[in-house]
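Novice: Pasting the sequence and the predicted model now:
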Amino acid sequence: MKKEKIGISCVFPAYNEETNIERAIVEAVKVFADLGINYEIIVVDDGSKDKTSEITLSLSRKNKNIRLIKHNNNCGYADALKTGFKSASKTFVFYTDADNQFDLKDIKKALPLIRDADMVIGYRLARADNFIRKVGSFGYNLLARKLLKLKVRDIDCAFKLFRREVFDKIEIETKAWLVDTEILAKAMKNNMIIKEIGVKHLPRQHGKVTVKPGDVARSFKGLISLKRIIR
């Protein structure tokens, strides 16, 4: 009997990523094809004002495994991920950002680990962000670990592979940048098995970072609300 291929739904949340989205999709197609994976790529355009959707549609006409889902308005990062996860049809769900800051070939390291885990999450080996973002992330991770007892190295690293049934048990309720924290906190509450791998992190070459200082402040405040939700 022919061995069935691994099936992965790759979700790209995207907002005004016209300078990045084509490279992100093309790279994902190449990586999954080289690994012999039965894949689908889901781009969730979260109300972009640029040509993110047009570029994705053009690529989807050439490759039926590429899908575009478009939000009419900018609903936020968490809602974009939620839409992508709900639309996933494969056994596993992988998500990363569309800004090309991760080497998708690192997914090869995650595949053996997902066999006996519910999720495999990345941690950035050498974070290629500016000093302010690094400090903000360090402080957020420190506080989240203390408040929610999260025993992971890099909570908001956008390189995560899940079993699809994880989202039968985890409902995303928070908004914006708390989504990674919520998923991990609820996974630990449900005694899910989480494994970690180090992944390469690359400098952003095009486009603008959408995280604002106010988002960080709101995330800190949101941790308190999230703690109540988890309980």
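Specialist: In hand now; what should we look at?
Novice: Please count neighbours and contacts with C-alpha atoms only from this point.
Specialist: Will do.
Novice: which residues in the chain form strands?
Specialist: All strands of the chain, identified by DSSP state E, fall at 7-14, 38-46, 66-71, 92-96, 119-124, 159-163, 194-199.
Novice: can I get the ones you listed in JSON lines with distance to Leu184?
Specialist: Output for these, formatted as JSON lines (distance: least, C-alpha to C-alpha, whole Å):
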{"stretch": "strand 7-14", "distance to Leu184": "18"}
{"stretch": "strand 38-46", "distance to Leu184": "22"}
{"stretch": "strand 66-71", "distance to Leu184": "25"}
{"stretch": "strand 92-96", "distance to Leu184": "14"}
{"stretch": "strand 119-124", "distance to Leu184": "9"}
{"stretch": "strand 159-163", "distance to Leu184": "11"}
{"stretch": "strand 194-199", "distance to Leu184": "9"}
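Novice: Just give the number of residues close to the residue lying closest to Ala158 once chain neighbours are set aside.
Specialist: Distances taken as C-alpha to C-alpha, 6 or more residues apart in numbering place Thr96 nearest to Ala158, at 4.8 Å, with adjacent residues excluded. Thr96 is flanked by 21 other residues according to other C-alpha atoms under 10 Å.
Novice: so Thr96 sits right up against Leu161, yeah?
Specialist: No - if you go by C-alpha atoms under 8 Å, Thr96 and Leu161 don't touch, sitting 9.2 Å apart.
Novice: that older thread, which stretch among the strands of the chain comes nearest Asp180?
Specialist: Among those, strand 159-163 comes nearest to Asp180, with 9.4 Å by C-alpha to C-alpha.
Novice: And for Ala78, the neighbour number?
Specialist: Using other C-alpha under 10 Å: Ala78 sits among 19 other residues.
Novice: Mind pulling up the pLDDT for it?
Specialist: We have a pLDDT of 93 for Ala78.
Novice: next one: Phe220
Specialist: Reading off the model, Phe220 has pLDDT 69.
Novice: And for Ala128?
Specialist: Taking Ala128 on its own, its pLDDT is 74.
Novice: Need the nearest residue in space to it, chain neighbours excluded.
Specialist: Per C-alpha to C-alpha, 6+ apart, closest to Ala128 is Pro203, 5.0 Å.
Novice: Looks like that neighbour contacts Arg124 (just checking).
Specialist: No - with contact defined as C-alpha under 8 Å, Pro203 does not count as touching Arg124 (11.9 Å).
Novice: Have a look at these two and say which one is more surrounded.
Specialist: Taking other C-alpha under 10 Å, Pro203 and Arg124 do not tie; Arg124 has more neighbours (19 against 13).
Novice: which ones are touching the more buried one?
Specialist: 154, 157, 198-201 (C-alpha atoms under 8 Å, 6 or more residues apart in numbering).
Novice: now swap in Glu27 and tell me
Specialist: Contacts of Glu27 by C-alpha under 8 Å, 6+ apart are Leu104.
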